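> Structure here, sequence nowhere to be found:
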């Protein structure tokens, strides 16, 4: 059975912008069935919103249609959990990140893959490890 991971919006945004980066390689692992990627409507929307921010669009030159298509592909590549999230209140020093942790708990994920410093500072929540994209890729390739 492949590992189970929640991939945070910070990693998803990087995967879109830099296809050959560590986050891009992680998404390819998910597409190939190397691990079960769990997402939520909140994570997909957060990714879409970030990618459509004028600063990123100006810097990288992508258009709205490319983002919409990619986010649709992302939703098909991962398991989008739309059920209720458990109350884990407050788990993270940034309460806006609690939904990521709650998702991991709800789906029984082994790990959260993120670049978010607030999440990484936790290191672990209950049985869920919180690690960087590079650490996750090393684990997948090892």
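Okay, I see it. These numbers were taken from a predicted model, which means no experiment stands behind them.

> Going by C-alpha atoms from here, please, whenever you check contacts or count neighbours.
OK.

> so the residue nearest to residue 19 when sequence neighbours are not counted is in which element?
Leaving aside its sequence neighbours, residue 19 sits nearest to residue 25 (C-alpha to C-alpha, 6 or more residues apart in numbering; 7.3 Å). Element membership of residue 25 [criterion: DSSP states H and E] is helix 22-31.

> quick revisit: you'd agree the residue nearest to residue 19 is up against residue 14?
No - counting by C-alpha atoms under 8 Å, residue 25 stays clear of residue 14, with 10.6 Å between them.

> Strands of this protein, residue ranges please.
4-7, 36-39, 79-80, 111-113, 124-125, 128-131 (DSSP state E).

> Now distance to residue 62, mean pLDDT and mean neighbour count too, for those strands, in CSV please.
Listed next are those as CSV, based on distance: least, C-alpha to C-alpha, whole Å; pLDDT from 0 to 100; neighbours: other C-alpha atoms under 10 Å:
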stretch, distance to residue 62, mean pLDDT, mean neighbour count
strand 4-7, 22, 98, 25
strand 36-39, 23, 97, 24
strand 79-80, 24, 94, 17
strand 111-113, 24, 98, 27
strand 124-125, 35, 95, 16
strand 128-131, 28, 97, 20
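
> before we move on, back to that, the residue nearest to residue 19: what's it in contact with?
15, 19, 137 (C-alpha atoms under 8 Å, 6 or more residues apart in numbering).
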